[in-house]
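missing the sequence, but the structure's below:
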């Protein structure tokens, strides 16, 4: 196997030698005319998510002749990569992996839609690009909605310090250039809602007023531009490891530092009941127009909440990946029942629509190419549980005036998963299977050593990564719990469930929560988790 490969770039890919070479992966050689297309789209952001969605969608439309323009990205997250990407002429390879009619398939595409990536610190070049009359679309994406606006920011900063400041800065310069001319811009937000349940348009107008940018600018912003809110349904399935990358380079016969992996499913959902006004029209990509974007956003947030419960259930049941776990009929049935029964109460879709979405979602989770292990997904699980799940639980209680038993089961699973021991190096480990040794059965040191080695394999020690103070709290509290002592479990719950630094609230204030959580936790410490899950699904309750 060759250890060195030519770097992917325009000269290589258009060269006759490369085109005549036989390769294990067949990619479409681009038409040289693509590289002469004008820059028409500016994208705020530059990361693998955008490369696997927006850039891919536009590449499809460009190659089909459905759109005649290329993309400029503004990188404000990791500017160090811009120069490296530039050496590839901003070309990269996309590998789409997933199931098609139950069969694992891979599809490889060479993406040519990006013309340039500009560092945000090169603000003058950013402005020059955006005030070009060819630019007709601004696409805005920010990965963290909690940090979109910085105090004391201003469009006078070069660049502005915040995401909203940067967008207002380039829009204000465009206003100065085109305020008396007809140069309508389409502004597409990939974040449907921001903090405070505001859209991008709402925030821009509010901050623009606060910064005293003038009523004429605000009127231009409102009246001379089209705004679309949207979201992209895309699941992270992990990246190639170093060995897989080398194999891919061998098959492609070039090196690609931006080789991108994604699932083969996507959907771009646009908030509009006037599809004809959207700047991208294609029969080749999955565009869905809706006047109920909030419903699809709610679907995603509820799915994320339910997925949090799935991680400890699947892992403590002995599985390492979502695809393996969902082959277990008990786990799949629990996931489906919990997902459907919860979502139907809060999402404005018919039962058939929810079932259809649920079927597609579970099929995506069964993707055998998904490299994200359950342990990887468990990182910062408590923080995700607090942010995504507990607030949904409040919504559920306010609607039903009670909590279903699977909520208590899920909380018990979280507690059981965080049964951790702190090592001397500050790392925290849990034990997947609980086993106790009867010391009276051990006759000699050799037999004890053999049992300990055997149990070391059975226990499946796993490392938990979360806030260190939270992990210390769990470790210090769990060490006083004895499996066969219900009183120690009750004392543990009476303390740990009141810790606002963990949950953000005192969970013991919820009716029946401590009692029902305790019931399931005791069972999880002593019984087979599959049996407990089956009983819950069948409505069997020994305590009631």
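Great, that's in hand. Predicted, not measured: the structure shown is a model, and the values here were computed from it.

Just list whatever residues bridge to residue 119.
residue 75 (DSSP bridges).

What number of residues are in the vicinity of it?
By the criterion of other CB atoms under 10 Å, residue 119 has 19 neighbours. Using the backbone N, CA and C atoms, a C-beta is placed for each residue, glycine as well.

Touching, it and residue 85? I think so.
No. If you go by CB atoms under 8 Å, residue 119 and residue 85 don't touch, sitting 10.8 Å apart.

I'd like the mean pLDDT over the helix or strand where residue 363 lies, please.
Per DSSP states H and E: residue 363 is located in helix 351-365. The pLDDT scores in helix 351-365 average 87.

buried sites along that helix?
Neighbour counts using 16 or more other CB atoms under 10 Å place 354, 357-358, 361, 364-365 of helix 351-365 among the buried residues.

For it, enumerate the helices and strands it packs against.
helix 329-343 (3 or more CB pairs under 8 Å, 6 or more residues apart in numbering; DSSP states H and E).

tell me how far the helix it packs on is from the chain's mean position?
A distance of 21 Å separates the C-alpha centroid of helix 329-343 from that of its chain, computed with CA atoms, centre = their mean, to the nearest Å.

Report the helix or strand with the lowest average pLDDT across this protein.
Lowest by mean pLDDT, DSSP states H and E among the helices and strands of the chain is helix 445-459, with a mean of 49.

C-terminal to the lengthiest helix in the chain, what's the next element?
Taking DSSP state H as the criterion, the chain has its longest helix at helix 293-316. Next helix or strand after helix 293-316 toward the C-terminus (DSSP H and E): helix 322-325.

now for that following helix, which elements pack on it?
On a contact count with 3+ CB pairs under 8 Å, 6+ apart, helix 322-325 meets helix 293-316, helix 374-377.

quick one: which of the ones you listed is nearest residue 243?
helix 374-377 (17.9 Å; CB to CB).

buried set for whichever helix or strand comes after the closest one?
Using DSSP H and E, the helix or strand that follows helix 374-377 in sequence is helix 381-384. Buried positions in helix 381-384, judged by neighbour count with 16+ other CB under 10 Å: 381-382, 384.

so for helix 381-384, what's the average pLDDT?
Summarised as a single mean, pLDDT over helix 381-384 is 90.

Please apply the same query to stretch 68-82.
Mean predicted confidence for stretch 68-82 is 93.

Show me what counts as buried in it.
Neighbour-count burial for stretch 68-82 flags 69-76, 81-82 (criterion: 16+ other CB under 10 Å).

thinking again about what came up before, could you dump the buried residues of helix 381-384 to JSON lines with distance to residue 128?
Output for the buried residues of helix 381-384, formatted as JSON lines (distance: CB to CB, whole Å):
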{"residue": "381", "distance to residue 128": "45"}
{"residue": "382", "distance to residue 128": "46"}
{"residue": "384", "distance to residue 128": "41"}
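
out of those, which one sits closest to residue 509?
Within the buried residues of helix 381-384, distances to residue 509 taken as CB to CB reach their minimum at residue 382, with 18.8 Å.

check contacts around that closest one.
414, 418, 466-467, 470, 502 (CB atoms under 8 Å, 6 or more residues apart in numbering).

Of the residues you listed, which belong to helices?
Going by DSSP H, the helices hold 414, 470, 502 from the contacts of residue 382.

My guess is the first one contacts residue 386. True?
No. Residue 414 sits out of contact with residue 386 when judged by CB under 8 Å, with a separation of 10.2 Å.

More neighbours: which of those two?
Using other CB under 10 Å, the more surrounded residue of residue 414 and residue 386 is residue 414, with 20 against 17.

re the thing from before, tilt between the helix holding residue 363 and helix 329-343?
Angle, helix 351-365 to helix 329-343, by axes from the mean of the first three to the mean of the last three CA atoms, to 10 degrees: 140 degrees.

just how off-centre is helix 351-365 within its chain?
Distance, stretch centre to chain centre, for helix 351-365: 18 Å (CA atoms, centre = their mean).

quick one: it to helix 293-316, angle?
50 degrees.

circling back to that earlier point, closest one to residue 536 out of the buried residues of helix 351-365, please.
The shortest approach to residue 536 among these belongs to residue 358, at 19.1 Å (CB to CB).

I'd assumed residue 335 was in contact with the closest one.
No. Counting by CB under 8 Å, residue 358 does not reach residue 335; the two are 9.2 Å apart.

which residues sit in contact with residue 327?
Applying CB under 8 Å, 6+ apart, we find residue 327 in contact with residue 366.

Are we agreed that it is in a strand?
No. Looking at residue 327 with DSSP: H, G, I helix; E, B strand; the rest coil, it is coil, so not inside a strand.

Outline the domain layout of the chain.
For the chain, automatic domain parsing gives the domain ranges 10-291, 295-538.

Could you export those as TSV, including distance to residue 4?
TSV is the format used below for the domains of the chain (distance: least, CB to CB, whole Å):
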stretch	distance to residue 4
domain 10-291	8
domain 295-538	26
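
Mean pLDDT lowest where, among those?
domain 295-538 (a mean of 85).

now it, how far from the centre of its chain.
Distance, stretch centre to chain centre, for domain 295-538: 20 Å (CA atoms, centre = their mean).

And stretch 172-188, by the same measure?
33 Å.

Enumerate the positions of that stretch that are buried.
Buried residues in stretch 172-188, counted by 16+ other CB under 10 Å: 172-175, 178, 185-188.

now, which of those residues lie within helices?
Applying DSSP H to those, the entries found in helices are 172-175, 178.

the helices in the stretch 51-200 of the chain, which residues?
Taking DSSP state H, counting those that start in this stretch as the criterion, the stretch 51-200 of the chain carries its helices at 54-63, 80-86, 123-130, 163-178, 200-210.

relative to helix 200-210, how tilted is the longest one?
Interaxial angle of helix 163-178 relative to helix 200-210 (the same axes, to 10 degrees): 80 degrees.

about what we covered before: can you name the element that comes right after the least confident helix or strand of the chain?
Heading C-terminal from helix 445-459 (DSSP H and E), you reach strand 461-464.

Kind regards, and thank you for your time.
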